[in-house]
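Colleague: below is the sequence, then the predicted model.
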Amino acid sequence: MGAIELKRILKMLDNFDNKFSGLVIYSIDNEYAQKNRNSDLKLLDFINVYNAIARAINQAGYIVMLSMDLKSAEIIDDINRRYNMQSEYEVIFMAVVRDIDSVSKNASVIVVDPGNDYDIVKISNREIINRLNAEIKGESLARVA
């Protein structure tokens, strides 16, 4: 399934024009992570799949962030801690307004407000911000085909 999803994502990204910043926020399947919270094997496989997808998107020349909600982040962080692993890509947390106090002030976050027609995105990672600024200014390297 991961290979099929990756193929669709890359095909979609290939259709964007050169005004696209190159930032891809890949949302993990929060429901799957929470449903399988008690199965280390399923979660380890899940982590490997979404990291492989993110890695391929990154290798295609895009800036990748992983999006997850706070419950899934707790589950993934627990697995990473217990198996001495680290997240391969920067995480941007998806939170509703009432949960925003649960997110670290230094974390990247997407504040989803269903009452409005927009979400608020805050990226805290300086390296990603610098890459986006360079991309917007046209100073980045050419995309890999």
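Modeller: Done, it's in.

Colleague: look at the residue nearest the centre of the chain and report its pLDDT.
Modeller: The residue lying closest to the centre of the chain (CA atoms, centre = their mean) is L66, at 1.3 Å. Per-residue pLDDT puts L66 at 97.

Colleague: would you map the strands across the protein?
Modeller: 23-27, 63-69, 91-96, 108-112, 119-122 (DSSP state E).

Colleague: including distance to L6, could these go into CSV?
Modeller: From N, CA and C alone the C-beta is placed, and that goes for glycine too. Shown next, in CSV, are the strands of the chain (distance: least, CB to CB, whole Å):
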stretch, distance to L6
strand 23-27, 10
strand 63-69, 12
strand 91-96, 19
strand 108-112, 22
strand 119-122, 23
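
Colleague: buried deepest among these, which one?
Modeller: strand 63-69 (a mean of 21; mean count of other CB atoms under 10 Å).

Colleague: low-confidence bits of this structure, can you list those?
Modeller: 139-145 (pLDDT under 70).

Colleague: mind redoing it with 80?
Modeller: Along the chain, segments meeting pLDDT under 80 span 1, 17-19, 114, 136-145.

Colleague: in it, where's the longest helix?
Modeller: helix 40-59 (DSSP state H).

Colleague: strand 63-69 and that helix, what's the angle between them?
Modeller: 150 degrees (axes from the mean of the first three to the mean of the last three CA atoms, to 10 degrees).

Colleague: which helices and strands does helix 40-59 pack with?
Modeller: Contacts defined by 3 or more CB pairs under 8 Å, 6 or more residues apart in numbering; DSSP states H and E place helix 40-59 against helix 2-14, strand 23-27, helix 30-35, strand 63-69, helix 70-82.
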